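1. Using only what follows, build the 3D model:
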Amino acid sequence: MRASRMLSILTTLQAKGQVTAPELAEACEVSVRTIYRDIDALAASGVPVYADRGAEGGYRLLDGYRVRLNGLSQSEAGALFLAGLPGPAAALGLDAAMIAAQNKLMAALPANLREDAGRMQERFHLDAPGWFGEAEKPEHLRAIAGATLRGTLIKIRYHSWRAEKQRHVAPLGLVLKGGSWYLAGQVDGSVRTYRVARVLDCIALDEHFDRPTNFDLAAYWQDATLRLEAEMHPNVAVVRLSPFGVKLLDALSQPYVKARTQIEEAVDADGWRIARVPTGKTSWHAAAELLRLGPEAEVLEPADLREKMAELTRSMAARYRAAPEA
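-> Here you go, the predicted model:
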């Protein structure tokens, strides 16, 4: 275990240049004190690892020192081929490069690992879009990806929910979620999210920008999605559910709603239960979500949502009561 951990420390230092002890401890899932002991052991064995003091400090290898660690384990070789996702790579214009890289890697692997790597490709497949949806094919994705890699500004015309806007954006990263591409871009000092399919025009500029030193794409995206989901479901409805309604709610709810729905254990004389369900901003949005449950749900609170449900169901009943026009 310790040999594997020290190997991981070496490869991390070589890949990132300078890393703090807490960062290494988190990556290796050990205490900071253990990292201190491992660093001392590496230094004692002749590895030129140094500590830079101060707020911006950390551990680093002597400039020019390289660790030759070309051996891959069976699981590591398979993981590399599992990471080669053809759909996203093609969308970014990197499909040919990915295939060439995989061919080179396959040729370099020992014979016993080639079979495992090929088996990984054959038996795992990523289908990013949700059910009954298709992956978007944004017209300007490759131009935006190129600017993101170069670190240059783009000028976009963007169709938001409210209106068309023009923006000079510093592209910080791209995220693929549910078959849709999103751009994390900095505008006027703040980072915002743009759906790439809504970019109507894109001009790649030659002007470089300074990337925020502390920007972490994965952390930003996690915070942004949680914030958006909370903003989309700021209210709570008290709903009476039949046994089948409980199952419907579980099957139809978004993960954010499902994780925050509270259902009482007690049942009434009819076998129904009370649930507290996160809902949309307006009574109309909340009613649209809860109408999917049909007669298996009854809204008890708030009063305005109950009134909206009654209004919509009366309107629907009146419409279906009459015979359809020929």
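2. which intervals of the stretch 101-250 of the chain have sub-threshold pLDDT?
-> 105, 108-110, 112, 132 (pLDDT under 70).
3. Okay, strands next: where are they in it?
-> All strands of the stretch 101-250 of the chain, identified by DSSP state E, counting those that start in this stretch, fall at 152-159, 164-177, 180-187, 190-195, 199-208, 235-241.
4. closest one to residue 27 among the ones you listed?
-> strand 164-177 (20.8 Å; C-beta to C-beta). Heads up, the C-betas are built off the backbone N, CA and C, glycines and all.
5. can you pull the pLDDT of residue 267?
-> What the model reports as pLDDT for residue 267 is 88.
6. re earlier: reformat the strands of the stretch 101-250 of the chain as a markdown table; add mean neighbour count.
-> Formatted as a markdown table, the strands of the stretch 101-250 of the chain follow (neighbours: other C-beta atoms under 10 Å):
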| stretch | mean neighbour count |
| --- | --- |
| strand 152-159 | 18 |
| strand 164-177 | 17 |
| strand 180-187 | 21 |
| strand 190-195 | 15 |
| strand 199-208 | 14 |
| strand 235-241 | 20 |
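7. Using CSV, lay out the ones you listed together with distance to residue 281.
-> Shown next, in CSV, are the strands of the stretch 101-250 of the chain (distance: least, C-beta to C-beta, whole Å):
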stretch, distance to residue 281
strand 152-159, 21
strand 164-177, 22
strand 180-187, 21
strand 190-195, 18
strand 199-208, 26
strand 235-241, 7
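8. so which of the ones you listed gets nearest residue 138?
-> strand 180-187 (5.7 Å).
9. Hey, what's the angle from that closest one to strand 164-177? Just curious.
-> Note on geometry: by axes from the mean of the first three to the mean of the last three C-alpha atoms, to 10 degrees, strand 180-187 and strand 164-177 are set 130 degrees apart in direction.
10. Sheet partners, orientation included, of strand 180-187?
-> Note on strand 180-187: by DSSP bridges, its sheet partners are strand 164-177 (antiparallel), strand 190-195 (antiparallel).
11. Rebuild these as CSV, extending it with distance to residue 313.
-> Converted to CSV, the strands paired with strand 180-187 look like this (distance: least, C-beta to C-beta, whole Å):
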stretch, distance to residue 313
strand 164-177, 34
strand 190-195, 34
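12. Compare the ones you listed and give me the one nearest residue 264.
-> Taking C-beta to C-beta, strand 164-177 is the member of the strands paired with strand 180-187 nearest to residue 264, at 33.4 Å.
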